[in-house]
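>>> With the input below, show me the fold.
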Amino acid sequence: QVQLVESGGGLVQTGGSLRLSCAASGRTFSSYAMGWFRQAPGKEREFVACISWNGGSLYYADSMKGRFTISRDNAKNTVYLQINSLKPDDTAVYYCAASHKFKSWSTLEYDYWGQGTQVTVSS
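Here you go, the predicted model:
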């Protein structure tokens, strides 16, 4: 079993940057592909990006390419999401999740979820 805890969210101005972190417990972290999703108020949870178990392969939603960068450090049991040039539309709760499948954009294919971290972008 994997427990996930996100951090790094907050209130930022348009154009700013944030690096979100997701710390995992358990010795099997490196065997999971990891993903980031986000959910804005009144909207469905949306896929952002995912990374393979060893970090060698990355996959982004088309709308997220360019400003979002996913990475992981298996020695620290942590996955990151760097977000640059933040926009008000990026305001959402950001979740990390673990899956045995890589390149999964469906929430149904993720086995473990964190509680989320709030990102609010002011205009």
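
>>> got the contact list for stretch 60-80?
19-26, 29-30, 34, 36, 46-51, 54-55, 58, 81-86, 96, 105 (Cβ atoms under 8 Å, 6 or more residues apart in numbering). Bear in mind the C-beta positions are built from the backbone N, C-alpha and C, glycine included.

>>> tell me, what residue is most central in this structure?
In the chain, the centroid-proximal residue (Cα atoms, centre = their mean) is residue 36; its distance is 2.4 Å.

>>> Let me know the secondary structure of it.
Secondary structure for residue 36, judged by DSSP: H, G, I helix; E, B strand; the rest coil, is strand.

>>> What is the burial count for the nearest residue to it once chain neighbours are set aside?
Of all residues not flanking residue 36 in the chain, residue 48 sits nearest, at 4.3 Å (Cβ to Cβ, 6 or more residues apart in numbering). Neighbour count of residue 48, defined by other Cβ atoms under 10 Å: 24.

>>> any idea how far residue 52 is from residue 106?
Counting by Cβ to Cβ, to the nearest Å, the gap from residue 106 to residue 52 is 17 Å.

>>> which of the two has more neighbours?
Comparing residue 106 with residue 52 by other Cβ under 10 Å, the one with more neighbours is residue 52, at 15 against 10.

>>> pLDDT wise, what is the more buried one at?
Residue 52 carries a pLDDT value of 96.
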